[in-house]
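Student: Okay, here's the prediction I keep looking at, along with the sequence it came from:
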Amino acid sequence: LMVDFITNTINPLEIPGRIKALFIGLNSSRFETLLGLKGETPRHLIKGKYEVSNALERLNYKGGWLNPLSWARIPSRFLKSADIPFVYAELEMAAYSVAYRMARAKKVNGKKLRGKELQREIERILNLDDARIKEYKLQAEKEGLTGIDLVRRVNQLIEDNRDQKIKEISERMGKFNTFNNKPYGVAGAIAEMIGKFQRNKTGVWSRFIVPFTNIVSNVFNMSLNYTPIGIFRGIYGKKFGIFTDSKGKKIPLSDYEAQDFFIRGVKGLVAMLVLGLLMTRKDKDGKPLLEITASGPADYKKRKQLMETGWRPNSVKIGARYIPYDYISPVLVPLTFLGVLNDRIRYGKMDKEANISFLSAMETGALLTISSVFDKSFMSGIADLLKAFDPNSDKTTERYITNFALKTTTTVVPNAIKQFKYLFDPQVYN
């Protein structure tokens, strides 16, 4: 994912500078991450992503860390601090790219800056030149700061004295690329609606059904950006906006932000076309070079029989090995789309209707992809609950409620643990 972020630019000349900015950001985040783990408030701490209560931090425990209750604060601190290095890295990479464009637009004696002159101008814009760093260090020393506090203060002065445009864009992109932004689009509207209900006293119980909304919506949106929707958002958002400010008003995307959306869409579309082409090619034994599966046949018995032969759902098959993709969030939607089309051709109507149109196939694939992705997201809990009271269902209400209750008990287990389990489960690679 970081490689993708580094290369998310039209101009390849930016890549070396973005790599340097990445390490500057990681270096700046060291002490902030430690502060977060200690329970203090670091700069750029973004609240609300994991929707974890901070009630434990407000309590004082006798005995300090000798008290077992004190250890209960570690998971929430870890979750909040784990993002800090990535937020800082993306913040600096975004700041570099905006500064690069500002420096490229500047002319001296009618000529554009190049080479070392260009790099010096970028450093000046970002307050990373030696003279500015020395000035900020002297200021921090005059304030009586030393050690870690001095380093943190210098980093703060570097950021605070940057151009307002750079600060705003880099802050937004730092949140966006770490899934900390306010959810947007249709998924964002659904997340907002669920969030309002959960904040109400009568809706507290629903957290057992839908424990997380913001992060799931943002991950889903990021995956959508690797489809033609990303291209549309890049073009549309530059004029009408995608993100909103604190008052809920949409902010038109900057050139850098619009390019970010556009490039993701192009990369995803090209990748889908290449993978789709490889799925049509056969090896010397007549087997596909690449196969992408979704949920498989609609009939449960047929799907079970397939799995007994070694077939795996929601996976990319290369040779004899199946690699699951439903836990690799950014590529979930593109690969699910290809998997759904493959399933429809092999197990659905498309294999019987040779004259089916291309647009009809795309429409069917898109609709089934949305259904499949929602089944893996926060909507699945709501869908399961509603099915329990569906009068047209062929299953009894009691059976649905029993299944729903059993499934709900697993929703409190963080997805990170589930992903870790699947990464090391030999069955999914058979």
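Tutor: Yep, it's here.

Student: Please enumerate the strands of the chain.
Tutor: Taking DSSP state E as the test, the strands found in the chain are 107-108, 111-112, 243-244, 250-251, 290-292, 315-318, 321-324.

Student: hey, which of the ones you listed is tucked in deepest?
Tutor: Neighbour counts (mean count of other Cβ atoms under 10 Å) averaged over each of the strands of the chain peak at strand 290-292, with a mean of 20. From N, CA and C alone the C-beta is placed, and that goes for glycine too.

Student: Now do the buried residues in stretch 300-312.
Tutor: Within stretch 300-312, the residues that count as buried by 16 or more other Cβ atoms under 10 Å are 303, 306, 311-312.

Student: pLDDT averaged over that stretch, what's the number?
Tutor: For stretch 300-312, mean pLDDT is 86.

Student: same thing with stretch 112-121?
Tutor: Averaged across stretch 112-121, pLDDT comes to 91.

Student: what's the answer for stretch 232-252, then?
Tutor: pLDDT averaged over stretch 232-252 equals 87, rounded to a whole number.

Student: same deal with stretch 177-191?
Tutor: Stretch 177-191 comes out with an average pLDDT of 78.

Student: Can you give me the end-to-end span of it?
Tutor: 18 Å (Cα to Cα, to the nearest Å).

Student: where does the protein dip in pLDDT?
Tutor: For the chain, the stretches flagged by pLDDT under 70 are 1-7, 10, 39, 41, 44-61, 63-65, 194-213, 327-329, 348-430.

Student: Could you rerun that using 50?
Tutor: Low-confidence segments of the chain, defined by pLDDT under 50, span residues 350-359, 378, 385-398, 400-401, 404-430.

Student: Kindly list the longest helix within it.
Tutor: Of all the segments assigned as helix in the chain under DSSP state H, the longest by residue count is helix 255-280.

Student: Please, where are all the helices along the stretch 151-300 of the chain?
Tutor: Across the stretch 151-300 of the chain, reading from the start of the chain, the helices by DSSP state H, counting those that start in this stretch fall at 164-176, 185-199, 214-224, 228-240, 255-280, 300-308.

Student: Can you add distance to I24 and give those helices back as a markdown table?
Tutor: Formatted as a markdown table, the entries for the helices of the stretch 151-300 of the chain read as follows, by distance: least, Cβ to Cβ, whole Å:
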| stretch | distance to I24 |
| --- | --- |
| helix 164-176 | 12 |
| helix 185-199 | 31 |
| helix 214-224 | 24 |
| helix 228-240 | 27 |
| helix 255-280 | 18 |
| helix 300-308 | 48 |
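
Student: most tightly surrounded among those helices?
Tutor: With neighbours taken as mean count of other Cβ under 10 Å, the helices of the stretch 151-300 of the chain reach their highest mean count in helix 214-224, at a mean of 23.

Student: Show me what that helix is packed against.
Tutor: Contacts of helix 214-224 with other secondary structure elements, assessed using 3 or more Cβ pairs under 8 Å, 6 or more residues apart in numbering; DSSP states H and E, are made with helix 185-199, helix 332-347.

Student: Of those, which is nearest K107?
Tutor: Among the helices and strands packed on helix 214-224, helix 185-199 comes nearest to K107, with 39.5 Å by Cβ to Cβ.

Student: how far away is Y325 from K267?
Tutor: Per Cβ to Cβ, to the nearest Å, Y325 is found 16 Å from K267.

Student: actually A21, sorry about that
Tutor: If you measure A21 against K267 using Cβ to Cβ, the figure is 20 Å.

Student: And for R152?
Tutor: According to Cβ to Cβ, R152 stands 36 Å off from K267.

Student: E257 too?
Tutor: When Cβ to Cβ is applied, the distance between E257 and K267 equals 16 Å.

Student: just V274 next, same as before
Tutor: Using Cβ to Cβ, one gets 11 Å for the distance from V274 to K267.

Student: same check, this time on E135
Tutor: 41 Å.

Student: pretty sure T244 is touching G237, no?
Tutor: No - using Cβ atoms under 8 Å, T244 is not in contact with G237, being 11.5 Å away.

Student: if we can go back for a sec, can you redo the buried residues of stretch 300-312 as CSV with distance to E40?
Tutor: Written out in CSV, the entries for the buried residues of stretch 300-312 read as follows (distance: Cβ to Cβ, whole Å):
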residue, distance to E40
R303, 51
L306, 53
W311, 51
R312, 45
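
Student: between the residues you listed, which is closest to D285?
Tutor: For D285, the closest of the buried residues of stretch 300-312 turns out to be W311, at 17.1 Å, with distances computed as Cβ to Cβ.

Student: List the contacts of that closest one.
Tutor: 293, 296, 322 (Cβ atoms under 8 Å, 6 or more residues apart in numbering).

Student: how close does the first one get to L278?
Tutor: Distance, T293 to L278, using Cβ to Cβ: 14 Å.

Student: How about I84?
Tutor: Plainly put, I84 is 39 Å away from L278 if you go by Cβ to Cβ.

Student: packing partners for the longest helix of the chain?
Tutor: Against helix 255-280 (3+ Cβ pairs under 8 Å, 6+ apart) you get helix 84-105, helix 164-176, helix 228-240, strand 290-292, helix 332-347.

Student: cutoff 6 Å now
Tutor: Contact here means 3 or more Cβ pairs under 6 Å, 6 or more residues apart in numbering; DSSP states H and E; on that basis helix 255-280 packs against helix 228-240, helix 332-347.

Student: Cool, thanks, signing off.
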